[in-house]
Structures are given as C-alpha cells and as structure tokens.
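Novice: Sequence first, predicted coordinates after that:
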Amino acid sequence: MLKDRRALVTGSTSGIGLAIARALAAEGAEVILNGLGKPDAIAALCAELGSRYNGANLMDPAAIAAMMADIGPVDILVNNAGMQHVAPVEDFPAEKWDAIIALNLSAAFHTTQAAVPGMKAKGWGRIINTASAHSQVASPFKSAYVAAKHGLAGLTKTIALELATHGITANCISPGYVWTPLVENQIPDTMAARGITRDEVMNDILLAKQPTKQFILPEDVAAMAVFLCSEPARGITGSNYAIDGGWTAE
Ligand code: NAD
C-alpha cells in the first residue's frame with residue numbers, strides 16, 4: 001500500500017516508534033529510522049527493515065535541519081520521539097522541563113516545517129504525531145509532559161487547517177499506557193514522588209487509568225498509523241485518536 005512512499009519515524013529505535021517503522025516497512029514504505037541506541041542494534045534494525053538511519057538529537061534544531069536535508073523529501077512524517085520525567089512541580093528540574101518541551105513538542109514543529117514544502121510539491125503527505133492521553137487530560141507530577149502533549153495536539157490541529165487543501169493530513173494518535181521503556185523507566189520516580197511500591201504504581205496509578213486494565217500494544221498503535229497513511233483516511237485531518245482502553249472516556 002505504501003510502495004514509493006518515504007517515511008521518517010522519529011524515535012524509532014524503541015517502543016511505539018519501532019512498531020510504527022516495522023508496520024510502515026511491511027506496507028512497502030522506505031523507512032528512515034531515528035533515535036538513540038547501540039550501533040549494533042541500530043545496524044540490525046536497518047538490515048531488518050532495509051532502512052537508513054539518522055541519529056540526529058531532536059533536542060537540537062540545527063541537528064534536525066541537517067537530518068531533514070540529509071534524508072530529502074518525505075511523504076510520511078511520524079513525530080514520535082519522546083521522553084518523560086515525573087516530579088512535583090516545585091522540584092521539577094528546569095533542564096528536564098526544557099528537554100521535554102524540546103523533544104516532545106518543538107522537534108515536531110521543526111521537522112514539520114522542513115517536510116511541508118516537499119509534501120506540498122507532491123500534493124500528498126501524512127503527518128502523524130504520537131501524542132498521548134496526556135494531550136487531553138492531566139496527571140499530577142507530569143507538568144512538562146502534559147504541557148508538551150497538549151501543545152502537540154494544538155500544533156497538529158493548526159497544521160491540519162493550514163494544509164487541508166494540499167492533500168496533506170495531520171493527526172495525533174493518543175495512546176494510554178503502552179508497555180515500553182518510557183513507562184518502565186518512570187516507575188522508580190513515581191514510587192518516590194508518591195511514596196508507594198512498584199505494584200501500587202502498576203495497579204493503582206497506571207492500569208487504574210485504563211478501564212480495560214490492559215496495557216496497549218505498540219503494534220496496535222502502529223496499525224492506526226498505517227490506516228492514517230491509507231487513501232480512505234484522506235479525509236481524516238486534525239483528529240486526535242485515543243487508543244487508551246477507555247481512559248479519556250471517563
Ligand atoms: P521509548 O522510550 O521506547 O522510545 C522513545 C524513542 O525516542 C526512542 O527511540 C529513543 O531513542 C528516542 N529518543 C529519545 N531521546 C531522543 C533524542 N534526544 N533524539 C532523538 N530520539 C530520541 O518510548 P515509547 O513509549 O515508545 O514512546 C514513544 C512516544 O509515545 C513518545 O512520544 C511518548 O510520549 C508516546 N507515548 C508513550 C506512551 C506509553 O505508555 N509508552 C503513552 C502515550 C504516548
């Protein structure tokens with residue numbers, strides 16, 4: 001379905017981004033990988049997917065500009081790279097705030113700005129932003145993440161309107177809790193911020209949010225990304241798709 005389409009998936013060395021990269025490659029897209037990781041593991045992924053890799057640090061606008069120039073025009077842009085930090089607002093390190101806003105929000109602006117002219121020239125494009133349930137609702141101790149994800153949802157709606165007559169769609173996919181390193185790594189800080197055990201974080205904080213009591217699978221998020229790249233999805237733009245086990249229905 002996506003033969004002759006070139007896709008950049010940021011943060012695709014792990015978790016949700018890797019699942020999206022695999023799913024787009026399975027549909028025939030040329031996928032460019034980005035993210036942090038060990039060179040051996042990245043080389044193995046490139047071999048598996050027939051992909052190129054660009055290791056730009058997305059917190060650095062100049063590195064993003066160099067990456068976009070290096071890879072050339074993209075038909076599909078998946079802004080997925082992200083990070084989390086959990087702390088009460090009065091203790092939240094300012095450098096973590098800056099890093100989360102840079103990676104989870106500003107990077108999507110910079111990649112979009114660079115990708116849009118090529119998409120306009122072709123009259124076709126798909127911009128998919130991995131937002132979060134936290135683009136719609138908040139949780140305590142996640143000030144930067146919630147602010148960035150709400151901002152990403154706003155950016156997505158704005159560019160959807162700007163690009164609506166150019167054959168380019170822009171949408172968010174907003175997962176609830178997906179079992180990836182990003183979630184696993186926040187467990188110790190959540191234990192500390194709330195003074196509770198690992199089991200209590202899992203059951204009373206994470207899965208308590210999801211009426212299904214199940215983590216979302218990365219592959220399920222990837223399936224939505226593939227659908228948004230399809231022709232029947234041409235009229236879907238400015239939307240924010242929850243895949244959150246019912247979290248934001250409450
Ligand atoms: P992950 O930690 O498995 O993957 C994050 C990816 O971002 C990795 O490839 C990592 O190398 C990359 N990355 C980190 N810092 C980077 C940098 N400076 N420059 C370039 N790449 C960088 O996490 P994940 O859970 O797969 O998260 C992917 C996206 O999904 C994030 O935007 C996250 O906020 C969002 N999300 C995750 C969940 C969840 O429960 N896991 C829920 C909702 C939304």
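Specialist: Great, that's in hand. Given the structure is predicted, the values throughout are model-derived calculations rather than measurements.

Novice: contacts and neighbour counts: CA atoms only from here.
Specialist: Fine.

Novice: Show residues contacting the strand or helix carrying residue 151.
Specialist: Element membership of residue 151, judged by DSSP states H and E, is helix 143-163. The contact list for helix 143-163 (CA atoms under 8 Å, 6 or more residues apart in numbering) reads 83-85, 89, 96-97, 100-101, 104-105, 108-109, 129, 131-132, 134-139, 168-172, 237-240.

Novice: so which of the residues you listed are also by the ligand?
Specialist: Contacts with the ligand are made by 83, 104, 131, 132 out of those, judged by CA under 6 Å from any ligand atom.

Novice: tell me the contacts of the third one?
Specialist: Residues counted as contacts of residue 131 (CA under 8 Å, 6+ apart) are 80, 149, 152, 153, 172, 173, 174, 175.

Novice: Now the two most distant members of these.
Specialist: 152 and 175 (13.7 Å; CA to CA).

Novice: What residue in the protein is the furthest from its centre?
Specialist: Largest separation from the mean C-alpha position in the chain: residue 195, at 29.6 Å (CA atoms, centre = their mean).

Novice: residues in contact with it?
Specialist: For residue 195, no contacting residues are found, by CA under 8 Å, 6+ apart.

Novice: The helix holding residue 151: which residues count as buried?
Specialist: 143-153, 155-157, 159-160, 163 (16 or more other CA atoms under 10 Å).

Novice: tell me which strands and helices the one helix or strand residue 97 maps to is in contact with?
Specialist: Assigned by DSSP H and E, residue 97 falls within helix 94-101. In terms of contacts (3 or more CA pairs under 8 Å, 6 or more residues apart in numbering; DSSP states H and E), helix 94-101 is packed against helix 143-163.

Novice: Alpha carbons only: can I get the helix it packs on in PDB?
Specialist: The C-alpha trace of helix 143-163 is given here as PDB (Å, rounded to 0.1, in the frame of the first residue of the first chain):
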ATOM      1  CA  SER A 143       3.800  19.000  34.200                       C
ATOM      2  CA  ALA A 144       6.300  19.200  31.300                       C
ATOM      3  CA  TYR A 145       5.000  16.100  29.600                       C
ATOM      4  CA  VAL A 146       1.300  17.100  29.900                       C
ATOM      5  CA  ALA A 147       2.100  20.600  28.700                       C
ATOM      6  CA  ALA A 148       4.100  19.300  25.700                       C
ATOM      7  CA  LYS A 149       1.500  16.800  24.700                       C
ATOM      8  CA  HIS A 150      -1.400  19.400  24.900                       C
ATOM      9  CA  GLY A 151       0.800  21.600  22.800                       C
ATOM     10  CA  LEU A 152       1.400  18.900  20.300                       C
ATOM     11  CA  ALA A 153      -2.300  18.400  19.900                       C
ATOM     12  CA  GLY A 154      -2.700  22.100  19.300                       C
ATOM     13  CA  LEU A 155       0.100  22.100  16.700                       C
ATOM     14  CA  THR A 156      -1.500  19.200  14.900                       C
ATOM     15  CA  LYS A 157      -4.900  20.900  14.600                       C
ATOM     16  CA  THR A 158      -3.300  24.100  13.400                       C
ATOM     17  CA  ILE A 159      -1.200  22.500  10.700                       C
ATOM     18  CA  ALA A 160      -4.200  20.300   9.700                       C
ATOM     19  CA  LEU A 161      -6.100  23.500   8.900                       C
ATOM     20  CA  GLU A 162      -3.200  25.100   7.100                       C
ATOM     21  CA  LEU A 163      -2.500  22.100   4.900                       C
END
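
Novice: Thank you, goodbye.
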